[in-house]
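# Next comes the sequence, and after it the predicted model I'd like to discuss.
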Amino acid sequence: MQKVVVFWFRRDLRLEDNTALFHALSAGYPVLPLFIFDRNILDELEDRSDLRVNFIHQTILSLAATLHEHGGQLLVKYGKPQEVWQELLREYPIAAVYTNRDYEPYARQRDAAVAALLAESGITLHTFKDHVIFEEQEILSKSGTPYTVFTPYSRTWKAALFPGQTTPGSGKDSPHLQAFPSEKLLTGNLFAAISTPIPSLAAMNFEPAEMSFPPTTVSQELIRHYDETRNFPAQRGTSRLGIHFRFGTISIREKARKALALNETYLNELIWRDFYAQILANFPHVATQSFRPEYDRIAWRNDEAEFQRWCAGTTGYPIVDAGMRELNTTGFMHNRVRMITASFLTKHLLIDWRWGEAYFAKKLLDFDLASNNGGWQWAAGCGTDAAPYFRVFNPTAQQEKFDPELKYVRRWVPEYGTTRYPRPMVDHKTARERCLAVYQKGIKGDEG
DNA sequence: TGAAATGTTGGGGCG
DNA sequence: ACGCCCCAACATTTC
């Protein structure tokens, strides 16, 4: 039997401009594309109609159809990756395995185990950068250490796009934004296997959900006006591409080329994504602890009933409640409102940022560990480049600034202004003063 | 990618 | 004309 190269899809669910797929298709063997529905992850999900599982399943079906049109097939397995790979080693004569790097703690451990397993059979796991523009060791300060503040990081990041140049060029010219046109190599390079069925959602104990997902494209107009409109949650001013970045259904290089050409503020958002990815990679303790250790001494109140009111969107602060209800209903929350709700949970209610982080992780379609963790630590004041702890958002002032006509509030909190709407669960002034006292005591010690 | 408290300034009303 | 007060507007400091 002829040897094959296996291309393993993970967070790069696309056929276009896919780095590892491009290299797999250039390797001189028929390519067998593979996806594994990972039981280590799926079995942990409480929600059996999880929209993200639906999204992946839909995407997998569509990838399989396109691969079939090109004379190949997508092999889809359901199980624990290490066990699946043991099966694959028995089923196929594998010359090599190609995949794009995944930087989350679980993924690193998984890939190390699989690489070791493959090595026992003399097979190399070839890995590639695809998910970010620059990896954690590519953007370092002059002293060779990782940046922990965004602004200098972004300056170096932008300069690194154009090595050896003093004036920035266009996206087309940057060697770091070049496309890997995998889509052009599909025909004639795929392994035509005996067809095996794709597991249904039901077979994996999930229910299908009615859901339409945001498009993979964004209008030039939106990107052009991004800096003016992005802070107003009632407007469609943000790209909503998060879910596609998370699962790799779009190419970060393609979006970065557009951003570079059209809007600096929008480009900065893509740089934030690389920034938090490198923070998680270089300081893995942030996944479970505060970046600044003194913040783990804060005496969180962690009131269970108050947490439930925050989750449900019945705090009595309309902008907070609107955000939580948008999240609960759609799996999305506008970024400005993510900051407001996160500030309210950590500062007004004094609930551990990890509780909020976990809730967002469960609900957000675009959940990305590095960005979500970075955002929460920023809001709580305990992270890199964080707001000092005494910056407490005033939810009323934020609503007046960013939703002055109450359009967003009324969309999600229709009973606002009636007697059915609850009174604020905490008084702003009192809660703010309590927050400052508790934070100060935790961070500086009792004498502070 | 804060907000509140406090300080400073200067115009205008008024005796 | 002058001093005094008030207060808005802005600046600075503090949390």
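Received the coordinates, thanks. These figures come from a predicted structure and were not determined experimentally.

# gap between A:A322 and A:E210?
Between A:A322 and A:E210 the computed distance is 23 Å (CB to CB, to the nearest Å). C-beta: built from backbone N, CA, C; applies to glycine.

# So for these two, which sits in the more crowded spot?
Between A:A322 and A:E210, counting by other CB atoms under 10 Å, A:A322 is the more crowded of the two (29 against 7).

# how long is stretch A:288-303 from one end to the other?
Its first and final residues considered, stretch A:288-303 spans 20 Å by CA to CA, to the nearest Å.

# How about A:R432: what's its closest non-neighbour residue?
In space, and not counting its chain neighbours, A:R432 is closest to A:V392: 4.9 Å by CB to CB, 6 or more residues apart in numbering.

# quick one: which helix or strand includes that neighbour?
Using DSSP states H and E, A:V392 sits in no helix or strand.

# measure it to DNA strand C for me?
Separation of A:V392 from DNA strand C (CB to the nearest atom of the strand, to the nearest Å) stands at 7 Å.

# Could you report the distance from that residue to A:T346?
According to CB to CB, A:V392 stands 10 Å off from A:T346.

# Tell me which of these two has more neighbours.
Set A:V392 next to A:T346 and count neighbours by other CB under 10 Å: A:T346 wins out with 27 against 20.

# excluding its backbone neighbours, what's nearest the most centrally placed residue in chain A?
Central residue of chain A (CA atoms, centre = their mean): A:D368, 2.3 Å from the mean position. In space, and not counting its chain neighbours, A:D368 is closest to A:R246: 5.0 Å by CB to CB, 6+ apart.

# contact partners of the strand or helix carrying the one you found?
Applying DSSP H and E as the criterion places A:R246 in helix A:242-247. With CB atoms under 8 Å, 6 or more residues apart in numbering as the test, helix A:242-247 has contacts from A:11, A:13, A:52, A:55-56, A:59, A:213-214, A:216, A:249-250, A:252, A:255, A:273, A:332, A:364-368.

# Now do the helices in the stretch 151-300 of chain A.
Applying DSSP state H, counting those that start in this stretch to the stretch 151-300 of chain A gives helices spanning A:220-224, A:226-229, A:242-247, A:252-262, A:264-282.

# And DNA strand B, is the helix holding A:R246 touching that?
No. Figure legend: helix A:242-247 not in contact with DNA strand B (CB under 7 Å from any atom of the strand); closest approach 13.2 Å.

# what residues does chain A put near DNA strand C?
Checking chain A against DNA strand C by CB under 7 Å from any atom of the strand, the hits are A:P388, A:F390, A:R391, A:L436, A:Q440.

# of these, buried ones?
Among those, those classed as buried by 16 or more other CB atoms under 10 Å are A:Q440.

# Identify the residue with the minimum pLDDT among the residues of chain A next to DNA strand C.
Across the residues of chain A next to DNA strand C, the smallest pLDDT goes to A:P388, namely 83.

# Hmm, A:G381 and it touching each other?
Yes. Taking CB atoms under 8 Å as the definition, A:P388 is a contact partner of A:G381 at 6.3 Å.

# Residue in the stretch 201-350 of chain A with the shortest distance to DNA strand B?
At 5.3 Å from DNA strand B, A:W272 is the closest residue in the stretch 201-350 of chain A, using CB to the nearest atom of the strand.

# For the residue lying closest to that residue once chain neighbours are set aside, give me its contacts.
The spatial neighbour of A:W272 that comes closest, neighbours along the chain excluded (CB to CB, 6+ apart), is A:F150 at 6.8 Å. Neighbouring residues of A:F150 by CB under 8 Å, 6+ apart: A:I271, A:W272, A:F275, A:T384, A:D385.

# Hmm, which of the residues you listed is lowest in pLDDT?
Of all the contacts of A:F150, A:D385 carries the smallest pLDDT score, 83.

# burial count for that residue?
Residues contacting A:D385 under the criterion other CB under 10 Å number 19.

# in which helix or strand would I find it?
If you go by DSSP H and E, A:D385 is not part of any helix or strand.

# Mind listing what's buried along stretch A:246-261?
Buried positions in stretch A:246-261, judged by neighbour count with 16+ other CB under 10 Å: A:246-253, A:255-260.
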